[in-house]
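> 3D model of this:
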Amino acid sequence: MNTKTLFKMQKELDGHIESKHGLENEDLFDRKVLALLVEIGELANETRCFKFWSLKPSSEKDVIVEEFVDGIHFILSLGIECGFENLDEIPSSAVSEGDTSSQFLKVYENVQKFRSSRAEDDYVHLFKSYMDLANLLGLTEDDMEQAYIKKNEVNYDRQRKGY
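Model (predicted):
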């Protein structure tokens, strides 16, 4: 995944939103963390991986990938806020290990660890665990990049329309 391009796109979107809403001097870190946690929960809800009591299948792949890239937006935004936007690539495991529910919990843990430390190593671990989740969900880098670009355009459109 071309993280440099995605960081650049996210930085432009963040700047647009902060300027439009007069937030240039606000500390948005904790609000972005909360937004990320909510987006991860929405993704988990669409996968239904934890719903052992239900027979209903997960949502279609296009819904899953759209929810997934909502999380990417906030992970990138948090990295920018901490000055990590020069990272070349975020590796993920080639092999998907464990189950999806366990991976969601690992992602949540890594969000909290990064929130406490704001350290680059913890940020990379967070991003990597999210990419490992993508592998478990059957998402490719191409799926994620295309969906990110599409959702980025939607986010600009929403700002123009007073979302």
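
> burial check on residue 142, number of neighbours?
9 (other Cβ atoms under 10 Å). The C-beta positions use only the backbone N, C-alpha and C, and glycine is treated the same way.

> where does this structure dip in pLDDT?
Residues of the chain that meet the criterion pLDDT under 70 lie in 91-97.

> try 50 this time
For the chain, no stretch is flagged by pLDDT under 50.

> figure out the helix or strand that residue 78 lives in.
helix 61-81 (DSSP states H and E).

> who are the packing partners of that helix?
Packing partners of helix 61-81 (3 or more Cβ pairs under 8 Å, 6 or more residues apart in numbering; DSSP states H and E): helix 3-20, helix 29-47, helix 120-136, helix 141-160.

> can you give me the buried ones in the first one?
In other words, helix 3-20. 3, 6, 7, 9, 10, 11, 13, 14, 17 (16 or more other Cβ atoms under 10 Å).

> now do the helix holding residue 78 against helix 141-160, angle only.
Put simply, helix 61-81 runs at 70 degrees to helix 141-160, going by axes from the mean of the first three to the mean of the last three Cα atoms, to 10 degrees.

> give me the contacts around helix 61-81.
The contact list for helix 61-81 (Cβ atoms under 8 Å, 6 or more residues apart in numbering) reads 6-7, 10-11, 13-14, 28-29, 32-33, 35-36, 39-40, 42-43, 46-47, 58-59, 85, 87, 114, 123, 126-127, 130, 133-134, 137-139, 143-144, 147-148, 151-152, 155.
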